[in-house]
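[1] output the structure for:
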Amino acid sequence: MVTAQRKRYYTVEEYLALERADEERHEYLDGQIRPMAGESDAHGAICFNLAGELRNQLKGTPCQGRTQNMKVRCGPDPKSRQWPKDLFSYPDAIVFCGEPEFHDKHRDVLLNPKVIIEILSPSTEAFDRGEKFIRYRAHNDTLTDYILVSQKRPLIEHFSRQADGKWLMSATSGPESSLHIPSIDCRIELSEIYYSVAFPSEDDETEEDAETDQTSQE
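    Predicted coordinates:
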């Protein structure tokens with residue numbers, strides 16, 4: 001008889017020790033370590049363009065940016081000794097304002113993000129829109145903006161925290177459009193963000209979506 005293999009659960013300390021010794025990046029979700037998907041050419045180009053635009057506009061302000069190698073933690077009190085529901089992730093871009101707050105002396109896990117930007121991929125889009133955003137909203141009090149950038153077309157979705165704690169979503173589309181982020185006073189021109197990006201054809205999108213559906217069913 002074949003028995004199901006028991007899942008191995010890791011503490012936060014075990015995850016961080018393994019992650020800091022590994023060349024590959026992994027996210028941590030409730031005790032499970034998840035390898036991160038590979039990066040497409042479009043993803044890399046958009047991320048590079050975003051970093052350049054944010055750096056230029058944040059220079060001389062109290063805010064700074066970080067890119068893909070900085071982790072963000074969203075869970076209960078970091079000093080809690082209980083087994084919490086916890087998430088350590090690698091956003092594509094992060095902005096924080098004022099002094100950075102870190103999980104520990106290694107200074108590679110940020111606790112006070114103000115803006116988080118994710119570039120959507122077929123394998124991660126559902127998680128980025130769903131559970132990940134739920135965790136960000138629940139545990140990152142400093143977060144004011146969550147931004148999702150499409151790889152398939154010139155489209156940016158902007159979720160902004162309102163004074164009453166609710167989140168408002170707005171969409172900006174078209175290569176001549178721009179997105180203003182009032183909390184950090186930055187304006188993102190879509191023509192700059194998507195510079196040198198080749199969008200997939202309709203046939204490519206259909207095939208990609210089919211592969212994603214098949215993977216989710218396995």
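[2] per-residue pLDDT of the one residue sitting closest to the centre of the chain, please?
    For the chain, the residue nearest the mean C-alpha position is Pro91 (2.9 Å; C-alpha atoms, centre = their mean). pLDDT, Pro91: 96.
[3] roughly how far apart are the closest residue to it other than its chain neighbours and Ser191?
    Among residues not flanking Pro91 along the chain, Ile116 sits closest, at 4.7 Å (C-beta to C-beta, 6 or more residues apart in numbering). Just so you know, the C-beta spots here come from the backbone N, C-alpha and C atoms, and that holds for glycine as well. Plainly put, Ile116 is 23 Å away from Ser191 if you go by C-beta to C-beta, to the nearest Å.
[4] just Glu118 next, same as before
    Glu118 sits 21 Å away from Ser191, taking C-beta to C-beta as the criterion.
[5] ok, the two, which is more surrounded?
    Glu118 (23 against 14; other C-beta atoms under 10 Å).
[6] residues contacting the residue nearest to the centre of the chain?
    In this structure, Pro91 makes contact with 68, 70, 72, 113, 116-118, judged by C-beta atoms under 8 Å, 6 or more residues apart in numbering.
[7] cool, Gln68 as well?
    In this structure, Gln68 makes contact with 25, 47, 90-93, judged by C-beta under 8 Å, 6+ apart.
[8] again, but for Asp104
    Going by C-beta under 8 Å, 6+ apart, the list of residues near Asp104 reads Leu16.
[9] please verify my assumption that Cys74 contacts Tyr136.
    Yes - with contacts counted by C-beta atoms under 8 Å, Cys74 reaches Tyr136, the gap being 5.4 Å.
[10] packing partners of the longest helix seen in the chain?
    The residue-count maximum for a helix in the chain (DSSP state H) belongs to helix 41-58. Identification of packing neighbours for helix 41-58 by 3 or more C-beta pairs under 8 Å, 6 or more residues apart in numbering; DSSP states H and E yields strand 63-66, strand 93-97, strand 115-119, strand 186-189, helix 190-193.
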